[in-house]
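Novice: sharing a model that was predicted from the sequence below.
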Amino acid sequence: MKTTYITVVGDLPVRFDLEQSMKIGPVVASGNSNKHMRYSHITANTEAQAQDLLNSPAVTGSNIVLPQRLFRKYCFFDTVTNLPELPGLRSMDVDPERCTAQSLSLLLSVYLVQTVVFLVGYDISNPRELSLLRRVAEYNGQTKFTYICNPPRTNQLDDLDNCYCDTFVKYREVIARAG
């Protein structure tokens, strides 16, 4: 089922009912920082994260997406999926084997071809993460990226035509309109 929205839950802890996000579309979680519920997809990039997710009852039934090197070790688990072949990685100079779980979630969300990607709890204080987000946004000009934060809003993405910063209040409004 194609939806308009997808939510990427980053590495930062989130004080928001993420189950509400599922009303508007799939939710892709990053690693094990927000593993308190079942998500559409959860990405992991380390063996410790993969093992922790596989042993967490809260995420039972979620698709755990792993890069190739980890997928080879855990492919016998029903919930483990290989990270798909993502188009454009070479032109963006991205190696999925070296990405963080947060970056893998971002790349997976774009692969799932959504119109709007909400970034909730997404850590852009790391210059490498911010740089990758900017490259992905530039390469995927047809996708709108909305960074959700508490006030004050950040201005780090304002120079990109398809990146926006908004508050949790506005995000709740989108969920209420869609639900």
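Specialist: Looks like it came in fine.

Novice: could you pull up the contacting residues of residue 145?
Specialist: Applying CB atoms under 8 Å, 6 or more residues apart in numbering to residue 145 gives the contacts 116-117, 119, 133, 136-137, 157, 160, 162-164. Placement of C-beta: from N, CA and C, glycine included.

Novice: tell me the spacing between the nearest residue to residue 130 once chain neighbours are set aside and residue 40.
Specialist: The shortest distance from residue 130 to any residue other than its chain neighbours is 4.5 Å, reached at residue 124 (CB to CB, 6 or more residues apart in numbering). Distance of residue 124 to residue 40, given as CB to CB, to the nearest Å: 23 Å.

Novice: neighbour count for the two, which is higher?
Specialist: residue 124 (21 against 18; other CB atoms under 10 Å).

Novice: show me what contacts the closest residue to residue 111 other than its chain neighbours?
Specialist: Spatial nearest neighbour of residue 111, chain neighbours left out: residue 86 (5.2 Å); criterion: CB to CB, 6+ apart. Contacts for residue 86 (CB under 8 Å, 6+ apart) come out as 96, 107-108, 110-111.

Novice: can you check residue 87 too?
Specialist: residue 111.

Novice: one more: the one 5 residues further on?
Specialist: For residue 92, the contacting residues are 132, 135-136, 139, by CB under 8 Å, 6+ apart.

Novice: ranges for the helices of this protein?
Specialist: Here the chain has its helices, by DSSP state H, at 18-21, 47-54, 68-74, 89-92, 101-111, 127-139, 168-178.

Novice: can you put the contacts of residue 86 in TSV and add neighbour count and pLDDT?
Specialist: Listed next are the contacts of residue 86 as TSV, based on neighbours: other CB atoms under 10 Å; pLDDT from 0 to 100:
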residue	neighbour count	pLDDT
96	19	88
107	26	94
108	25	94
110	22	91
111	16	90
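
Novice: so which of these is the closest to residue 36?
Specialist: Checking the contacts of residue 86 against residue 36 with CB to CB, the nearest one is residue 108 at 20.0 Å.

Novice: what distance do you get for the closest one to residue 160?
Specialist: Separation of residue 108 from residue 160 (CB to CB) stands at 20 Å.

Novice: now residue 51
Specialist: From residue 51 to residue 160 the distance is 37 Å (CB to CB).

Novice: with residue 20 instead?
Specialist: To residue 160, residue 20 is 27 Å away according to CB to CB.

Novice: repeat that for residue 22.
Specialist: From residue 22 across to residue 160, the span is 27 Å (CB to CB).
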